[in-house]
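Undergrad: fold the following.
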Amino acid sequence: MSFLLVADDNEDMRLMLRDLFRSSGHEVAVAADGLEALAAIKEREPDLVVLDNSMPNMTGLEVCRAIKENPFTARIPVLMLTAQSGVENKVEGFTAGADEYLAKPFDPRELRVRVQALLRLVQREGDRNPTSGLPGGRAIDAEILRRVERREAFAVAYLDLDNFKPFADTFGFAIADEVIRGLGAAIRDASTLVNGPANHDFVGHIGGDDFIIVTELARSEPFVQECAVRCRDVVARAVGGDAASRGSYMGPDRDGHLREFPLASVSAAVMQVRTDNWVDLASLGQRAAEAKRKAKQLGPGGLLFDGV
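TA: Residues are numbered from 1 along each chain as shown. All right, here's what the predicted structure looks like:
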């Protein structure tokens, strides 16, 4: 049995969806608006979220973005269920991070099938990312909570690749996957080089081009800097030729216009975590998302050290 959260400001729709999913054997919670949905997720993480877009306080798209920007909730699959069925609306939904999109009115049988497909995908991926082979999902949560319970002070580093979408669009997803696999291996190797073979670092893969490192405070800065160096080597080997020598390439931006991009590099936000001011994983994720935005504002390859 899975735990689903349904958010819709229409009471009749909420109750209909609740009964539909309960009849399929799921446990279901409901929320009447976007803020209530985020509060419910913080209280108990669902296995899947069904979001209406047109809601007061926060739209479904805004809720979806908040879920996907937080590294500790990003793995939750989101199905957008909305009356806005145009292609542009679907593109907007997927751009916000939605995993599935279904227009109203809908056939309840199709909704059931799509929900089951998303849940099967989550179960199949489990706690290890298939591209990098690194632990992900709940394994990352468990590692952080284990250190909190032991009352350790430690650092969490949130790494991702700059301009990865235009990079993948330009060089293709085979090269993009090669870079993701290479980056995962490079982070593991950097841990051994900086901290020695008998260290207690944890390296996790949230998904896509997002990685998490949990390490001791004193080792966090040299560890992340070594990761950044190794990432540049991974990308240069993957693209080869002129792009590697120039350090840049011509690729499409978000509007489809060609422009020059620097080769993908790692931006990282490193945060100190202390048990005396610990709140919960969702709060840490919000802090991580904000710190990563600040790191990216420093430019490609930006490294931000928050309290470390």
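Undergrad: residue ranges with poor pLDDT in the stretch 201-308 of the chain?
TA: 308 (pLDDT under 70).
Undergrad: please redo it, this time with the cut-off set to 90
TA: 201, 206-209, 216-219, 231-232, 236-265, 275-277, 282, 299-301, 306-308 (pLDDT under 90).
Undergrad: measure how buried R114 is and give me the count.
TA: Counted with other Cβ atoms under 10 Å, the neighbours of R114 add up to 18. Placement of C-beta: from N, CA and C, glycine included.
Undergrad: tally of neighbours for the closest residue in space to it that isn't next to it in sequence?
TA: Nearest-residue entry for R114: E100, 5.4 Å, with adjacent residues in sequence omitted and distances by Cβ to Cβ, 6 or more residues apart in numbering. By the other Cβ under 10 Å criterion, the neighbourhood of E100 contains 19 residues.
Undergrad: ok, E100 touching P77?
TA: Yes: taking Cβ atoms under 8 Å as the contact criterion, E100 and P77 are neighbours in contact, 7.3 Å apart.
Undergrad: so what sits against both of those two?
TA: The overlap between the contact sets of E100 and P77 (Cβ atoms under 8 Å, 6 or more residues apart in numbering) consists of L118.
Undergrad: would you map the helices across the stretch 1-150 of the chain?
TA: Taking DSSP state H, counting those that start in this stretch as the test, the helices found in the stretch 1-150 of the chain are 11-23, 34-43, 60-69, 87-95, 108-125, 138-149.
Undergrad: can you map out the strands along the stretch 201-308 of the chain?
TA: For the stretch 201-308 of the chain, the strands defined by DSSP state E, counting those that start in this stretch occupy 202-207, 210-215, 248-252, 258-262, 266-273, 303-306.
Undergrad: by contact count, what packs against the shortest one?
TA: What that stands for is strand 303-306. helix 217-239, strand 266-273, helix 281-297 (3 or more Cβ pairs under 8 Å, 6 or more residues apart in numbering; DSSP states H and E).
Undergrad: contact partners of the first one?
TA: Contacts of helix 217-239 with the rest of the structure, by Cβ under 8 Å, 6+ apart, involve 153-155, 157, 159, 161, 171, 175, 178-179, 182-183, 186-187, 189-191, 193-195, 199, 201, 213, 215, 244, 249, 263-266, 268, 270, 272, 301, 303, 305, 308.
Undergrad: and the angle for it with strand 210-215?
TA: Here the directions of helix 217-239 and strand 210-215 differ by 150 degrees (axes from the mean of the first three to the mean of the last three Cα atoms, to 10 degrees).
Undergrad: kindly format the C-alpha coordinates of helix 217-239 as CSV.
TA: Listed in CSV are the C-alpha atoms of helix 217-239, where the atom choice follows Å, rounded to 0.1, in the frame of the first residue of the first chain:
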residue,chain,number,x,y,z
LEU,A,217,33.3,19.7,8.7
ALA,A,218,37.1,20.0,8.5
ARG,A,219,37.2,17.9,5.3
SER,A,220,34.4,19.4,3.4
GLU,A,221,36.2,22.3,1.7
PRO,A,222,39.1,20.4,0.2
PHE,A,223,36.8,17.5,-0.7
VAL,A,224,34.4,19.7,-2.7
GLN,A,225,37.2,21.6,-4.4
GLU,A,226,38.7,18.3,-5.5
CYS,A,227,35.3,17.2,-6.8
ALA,A,228,35.1,20.4,-8.9
VAL,A,229,38.6,19.8,-10.5
ARG,A,230,37.7,16.2,-11.3
CYS,A,231,34.4,17.2,-12.8
ARG,A,232,36.2,19.4,-15.3
ASP,A,233,38.3,16.5,-16.3
VAL,A,234,35.3,14.2,-16.7
VAL,A,235,33.5,16.6,-18.9
ALA,A,236,36.6,17.3,-21.1
ARG,A,237,37.2,13.6,-21.6
ALA,A,238,33.5,13.1,-22.6
VAL,A,239,33.3,15.9,-25.2
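Undergrad: what angle do that helix and strand 202-207 make?
TA: For helix 217-239 and strand 202-207, the angle between their directions (the same axes, to 10 degrees) works out to 50 degrees.
Undergrad: pull out the buried positions in helix 217-239.
TA: Of the residues in helix 217-239, 217, 219-221, 223-224, 226-228, 230-232, 234-235, 238-239 count as buried by neighbour count, 16 or more other Cβ atoms under 10 Å.
Undergrad: and which of those residues is nearest to K296?
TA: Sorting the buried residues of helix 217-239 by how near they are to K296, with Cβ to Cβ, puts A228 at the top with 13.6 Å.
Undergrad: now that closest one: how far from D160?
TA: 12 Å (Cβ to Cβ, to the nearest Å).
Undergrad: name the nearest residue to R75, sequence neighbours excluded.
TA: G137 (5.0 Å).
Undergrad: how far away is that neighbour from V224?
TA: 22 Å.
Undergrad: and the helices and strands packed on strand 303-306: which comes nearest E92?
TA: helix 281-297 (20.0 Å).
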